[in-house]
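Asks: heads up, no residue letters with this:
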């Protein structure tokens, strides 16, 4: 059974930091991509950051230089270090894993339940 369990969300003031974690278990072989998505109220879900099986990473323009995605050596825990947070970073953050990033962007693959991040001005 595949499980992705996020933690680390919370409420912070603008300029603050949070570190999200996602414990992953039971992923099928071939799940090359892992990443973080977020969804703000009234907005579409957007990809925030991804990490490929070789360790290469990509970021949304809105978070470049502020967020860092990483995973532990065993690939069992995914992290998102968020710094210099802005009110527009507020939303539900989800971790996801799958074979292709474009499939995850369309909602396929394996998903966690989400953790709420709220940034106040």
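Replies: Noted; the coordinates are in hand. As the structure is a prediction and not an experimental result, all values here were calculated from the model. Numbers count the residues shown, from 1 in each chain.
Asks: Please report the distance of the closest residue to residue 59 other than its chain neighbours from residue 22.
Replies: In space, and not counting its chain neighbours, residue 59 is closest to residue 49: 4.9 Å by Cβ to Cβ, 6 or more residues apart in numbering. From N, CA and C alone the C-beta is placed, and that goes for glycine too. Applying Cβ to Cβ, to the nearest Å, one obtains 12 Å for the distance of residue 49 from residue 22.
Asks: Comparing these two, which shows the higher neighbour count?
Replies: When residue 49 and residue 22 are compared for neighbours, residue 22 comes out ahead with 26 against 23, by other Cβ atoms under 10 Å.
Asks: give the contact list for residue 50.
Replies: When contacts are counted by Cβ atoms under 8 Å, 6 or more residues apart in numbering, residue 50 touches 33, 34, 35, 36, 57, 58, 69, 101, 104.
Asks: Surely residue 31 is within a strand?
Replies: No: secondary structure assignment places residue 31 outside any strand; it is coil (DSSP: H, G, I helix; E, B strand; the rest coil).
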